[in-house]
Every structure is written in C-alpha cells, then in structure tokens.
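**Q** what's the 3D shape of this:
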Amino acid sequence: MKTLYLDCPMGISGDMFLAALIDLGVDPEMILKELRKLPVDRIDVEIKKVLRHSITGTTFKVRLAESHHHRTFRDIKKIIDESRLSPKVKSLSIAIFELIAMAEGKIHGIKPSDVHFHEIGAMDSIIDIVGAAVAVDSLKVKMVISSPIALGTGWAKTMHGTIPVPAPATLEILKGVPMAASAAPFELTTPTGAAIVKTLASSFGPMPSMTIEKAGYGAGKKDFKESANLLRAVIGTASGATEAQNLEKLTVLETNIDDMSPQVAGYLLEKLLNSGATDAFYTPVYMKKGRPGVLLTVLTSRENKDSLLGIIFAESTTIGVRAHEVERHCLERVSKKVRTPYGPVSVKVALRDGRTVNIQPEFEDCRTIAEKKGVPLKEVMEAAKEAARGRK
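**A** This next block holds a predicted model:
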C-alpha cells in the first residue's frame with residue numbers, strides 16, 4: 001500500500017509541509033500551474049534549498065501583491081469553489097479550512113461560517129493549504145500516517161495579542177491526536193499545519209513497516225541552535241501493515257426518502273458509485289404515518305463529500321442529508337493471478353498481520369472459464385481458492 005509518513009519532531013506548518021513534498025519530488029511547476037487557477041492576479045513563489053544542522057531541506061515562501069488579510073470561512077470557500085481546481089482538490093482544501101473554522105468558532109463563540117481569519121485568511125496561507133491539497137493528490141497515496149506532533153512552548157504574537165503556545169486553535173484542532181514532548185520556546189505547530197495533518201493522517205505513531213522510496217525535508221523559517229527545524233516526509237510501500245495502520249477516516253452521508261421513484265433511485269445509486277463513493281446502498285425503512293421508504297447511506301472520503309452531496313441534492317427528492325465521521329478498519333489486500341486446472345484466474349487475497357484470512361476469486365474470470373469449459377462455476381471458484389492457498 002503506497003504510504004506517506006510525516007515525521008514531525010519540530011512540529012508542522014503549512015509552508016513546511018508543502019516544502020517537504022516538493023523536496024520529496026512533487027513538481028513545483030505543476031503546483032504553481034494549479035494554484036494559478038485561484039481567482040488572484042499574481043502569485044510569486046520562492047522555493048530554495050537551505051541547510052538546517054548540515055541537513056539539506058527546501059523552503060517555500062509566497063509573495064503576493066495583495067493586502068486583504070481578513071476573510072471569513074464563507075469567503076475562502078467561495079474563492080476555492082469558484083476556481084478551476086479539480087473537485088478533489090477543492091474538497092480537500094475546504095475540509096482543511098473547515099477544521100480551522102470549527103476550532104476558531106468554538107474558541108470565539110461564533111458560527112464557523114462567520115469566523116474571520118487573520119493570519120490563516122491571508123492569501124499566502126490559502127495557497128499553502130490549496131498547494132498542500134494539490135501536492136498530496138498528485139502523490140496518489142493510499143494512506144497517510146504521522147508521528148506524534150511537537151507543539152512548542154512560550155508565547156506567540158497574533159492579531160488578538162500575545163497568546164500562549166500552542167495556540168488555542170491548534171489545541172482544539174489536535175484533540176485526540178498524540179503529542180510529542182517539546183521544550184522549544186517557539187510555536188512549532190501552527191493551526192494551518194495542525195489542520196493539514198489532522199485532515200490527512202489516518203493514524204499517528206511510529207513509521208510503519210515499509211519499503212522506502214523517497215524522503216524529503218521541509219525547512220521551517222527559523223534556524224534553531226538546538227535542533228534541525230525540519231519536517232520529514234517519507235513515501236514508500238507499507239508491507240505487513242497492522243490493523244491500526246489500515247485505519248481509514250471516512251464520512252457517512254445518509255438521508256431518509258419516501259417520495260422518489262424506483263427508477264430514479266437506481267440511477268442515483270449508480271451515479272454515486274461511479275462518482276467516487278466508497279459504497280452506497282439503500283435500507284428499507286418505515287417513516288412517519290407508517291409510510292414505507294428507504295434510507296440512503298453513502299460512504300465516502302472527506303475529499304469527495306461535497307461533490308457527492310451535490311449529486312444527492314440534484315438527483316434525489318431529499319431536502320436534508322446527515323453527515324458524520326467514521327473509522328473503517330481494512331485488511332491489507334493483494335491481487336494476483338493463479339493457475340487452475342481450468343485456466344488462469346485473478347484473485348484478491350486479504351491479509352491480517354501477514355496471514356491470509358480471505359481469498360476471493362474474480363467472478364468474471366470464473367464465469368468466462370465455466371461457460372467456456374462447461375464446468376460448474378462453483379468448481380472453478382473453489383479451484384482458484386485452492387491455487388491461491390498453494391494447493392494443487
């Protein structure tokens with residue numbers, strides 16, 4: 001399973017994360033090309049190599065001819081929604097900003113949509129977050145894991161005055177995430193960095209068992225005497241992944257419907273699955289006044305949440321959809337081709353801690369062979385399972 005591991009001994013910020021992925025090998029010109037799809041006049045980026053305690057890393061700095069630094073979450077969402085970015089990048093970017101807005105809203109006692117972003121709302125931070133979404137999407141990783149997060153100590157100057165480190169928003173965002181002890185008298189993790197890692201990472205802990213392909217280093221703005229101010233990003237293929245490492249964060253969308261035709265219901269389900277839903281199904285239910293209806297349930301990644309919501313509202317008769325986050329534990333899956341007495345068959349093997357727990361032959365392969373050879377389908381399927389187990 002292609003995996004991105006984030007090593008955060010000196011915390012994480014938006015520019016450090018993006019710099020680490022560029023150092024890892026993501027094309028900065030591709031990122032800039034996508035960023036220019038945002039509705040802004042000019043984007044100037046400085047990317048350069050620096051040394052941090054004799055380790056070479058990359059820095060990412062944005063220069064913009066813009067002075068409007070105060071925006072609400074509603075403003076930021078509109079900027080991203082009206083851009084020409086891909087739906088997946090839009091959804092991931094908005095999910096990161098939404099996490100910050102919810103934290104700030106709780107701290108200041110206002111609605112998330114009305115939160116006024118200051119440092120976060122500046123266009124350079126918008127570019128950090130959208131650029132991060134573009135970079136991660138280009139890597140096509142199946143899983144992101146992070147080390148425990150270092151936060152730092154001391155005080156930080158903000159638009160609200162001097163506040164303790166970590167910032168209240170950072171603490172709110174990172175609820176439930178393991179922290180690493182750090183006595184550094186600086187803000188090591190920013191709200192932007194916290195939101196990025198909280199949104200992307202499915203688990204937090206040591207680096208998993210994996211075959212490493214590349215490593216990249218994103219350098220922070222400060223050069224500390226005590227430690228190398230670097231965020232390390234490692235990409236590779238995880239093998240023998242533990243159950244905790246195969247934990248996915250998904251979103252469930254659900255709604256009760258009692259006034260939609262069966263033809264439309266079938267079309268809606270097919271369209272949701274073809275548009276990236278992890279799963280979608282109907283459950284018969286009885287609604288008010290004893291009316292029969294269906295419960296539509298859609299399982300999706302957070303990146304696809306908004307686009308699938310749009311399909312549900314456009315194609316069904318519902319006027320409200322519930323959404324909540326869930327965890328899904330997955331077995332490691334391996335696809336391979338096996339030889340049977342009837343011919344080759346593709347099979348999917350599910351593993352737990354390196355041990356085979358389930359084997360599923362590809363139905364279409366088995367059906368084609370059964371019809372061609374004139375043998376029962378169940379015999380072909382059983383032969384494929386036996387071959388996958390290493391038995392003749």
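
**Q** any weak-confidence spans in the stretch 101-250 of the chain?
**A** Applying pLDDT under 70 to the stretch 101-250 of the chain flags residues 116-122, 159-160, 239-246.

**Q** mind listing the strands for it?
**A** With strands called from DSSP state E, counting those that start in this stretch, the stretch 101-250 of the chain shows them at 116-117, 143-146, 149-150, 155-158, 161-164, 179-180, 203-204, 210-219, 230-238, 247-257.

**Q** Could you dump those strands into CSV with distance to Ile127 and mean neighbour count added?
**A** From N, CA and C alone the C-beta is placed, and that goes for glycine too. CSV is the format used below for the strands of the stretch 101-250 of the chain (distance: least, CB to CB, whole Å; neighbours: other CB atoms under 10 Å):
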stretch, distance to Ile127, mean neighbour count
strand 116-117, 14, 19
strand 143-146, 21, 23
strand 149-150, 23, 23
strand 155-158, 20, 13
strand 161-164, 24, 11
strand 179-180, 28, 15
strand 203-204, 26, 20
strand 210-219, 15, 18
strand 230-238, 18, 22
strand 247-257, 25, 18
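
**Q** out of these, which comes closest to Arg74?
**A** For Arg74, the closest of the strands of the stretch 101-250 of the chain is strand 116-117, at 10.3 Å, according to CB to CB.

**Q** Now do Glu248 against Thr278, distance only.
**A** Glu248 sits at a distance of 9 Å from Thr278 (criterion: CB to CB, to the nearest Å).

**Q** re the thing from before, I'd like the strands of the stretch 101-250 of the chain as CSV, with distance to Ile96 appended.
**A** Listed next are these as CSV, based on distance: least, CB to CB, whole Å:
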stretch, distance to Ile96
strand 116-117, 12
strand 143-146, 13
strand 149-150, 15
strand 155-158, 20
strand 161-164, 22
strand 179-180, 20
strand 203-204, 17
strand 210-219, 17
strand 230-238, 16
strand 247-257, 13
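
**Q** what's the nearest residue to Val357 if we skip its chain neighbours?
**A** Ala350 (5.5 Å; CB to CB, 6 or more residues apart in numbering).

**Q** same thing with Leu200?
**A** Leu200 sits nearest to Val144 (CB to CB, 6+ apart), 4.4 Å away.

**Q** Ala388 is in contact with the residue nearest to Val357, correct?
**A** No: contact criterion CB atoms under 8 Å: Ala350 and Ala388 do not qualify, at 10.9 Å.

**Q** The two: which has the busier surroundings?
**A** The neighbour comparison of Ala350 against Ala388 (other CB atoms under 10 Å) goes to Ala388, with 21 against 15.

**Q** Tell me which residues touch that one, please.
**A** 336, 338, 347, 349, 356, 359, 361 (CB atoms under 8 Å, 6 or more residues apart in numbering).
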